[in-house]
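Novice: Can you look at this prediction? I've put the sequence above it.
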Amino acid sequence: MPLTETRRVALVAAGGAVGAFARWRLALAAPVAAGAFPLTTFLVNAGGAGLLGYLVGRVPVRDPRSEAVRLALGTGVLGGFTTFSTFAVEVARRTAHGHADTAVTYAVLSVVAGVVAAVVGLALGAAAGSAE
């Protein structure tokens, strides 16, 4: 039975709250000094890309029963957990405060690590099997 729009919104909102809360707690637990490489955000984004890749590779798209899983975990939790806006602000701040080398290194490594993690996640998810 297809999900109602209200249920879809609730799944994304609840998942997003969980993901954003987890990211916030990690940022508090592992703060990064101004100008330093933002390791916490880097690991969150790369890890989230890998997990999203796994989810996409593992959970069948055409199975209506899996829509709730994709919405809650993919769009919600992992969408709230990973953060492009924080990444962009960290690059801009480091550049503006004379740490262009760190900013460029962080930006390049983040994109490369995110894509590699997503590719590996997709392959692992597909290898784990999908009902599609």
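Specialist: Nice, thanks for sending it over.
Novice: Need phi/psi at the residue lying closest to Gly48 once chain neighbours are set aside.
Specialist: Nearest residue to Gly48 in three dimensions, chain neighbours excluded: Thr82, at 3.6 Å (CB to CB, 6 or more residues apart in numbering). C-beta coordinates here come from the backbone N, C-alpha and C atoms, glycine included. Torsion angles at Thr82 (phi, psi; degrees, to the nearest 10) stand at phi -80, psi 160.
Novice: Could you tell me which residues make contact with Thr82?
Specialist: Taking CB atoms under 8 Å, 6 or more residues apart in numbering, we find Thr82 in contact with 19, 23, 44-45, 48-49, 52.
Novice: Filter the residues you listed down to the ones in helices?
Specialist: 19, 23, 44-45, 48-49, 52 (DSSP state H).
Novice: Just the buried residues of the longest helix along the chain, please?
Specialist: Ranked by residue count under DSSP H, the longest helix found in the chain is helix 100-128. Buried residues in helix 100-128, counting neighbours by 16 or more other CB atoms under 10 Å, are found at 102-103, 106-107, 110, 113-114, 117-118, 121-122, 125.
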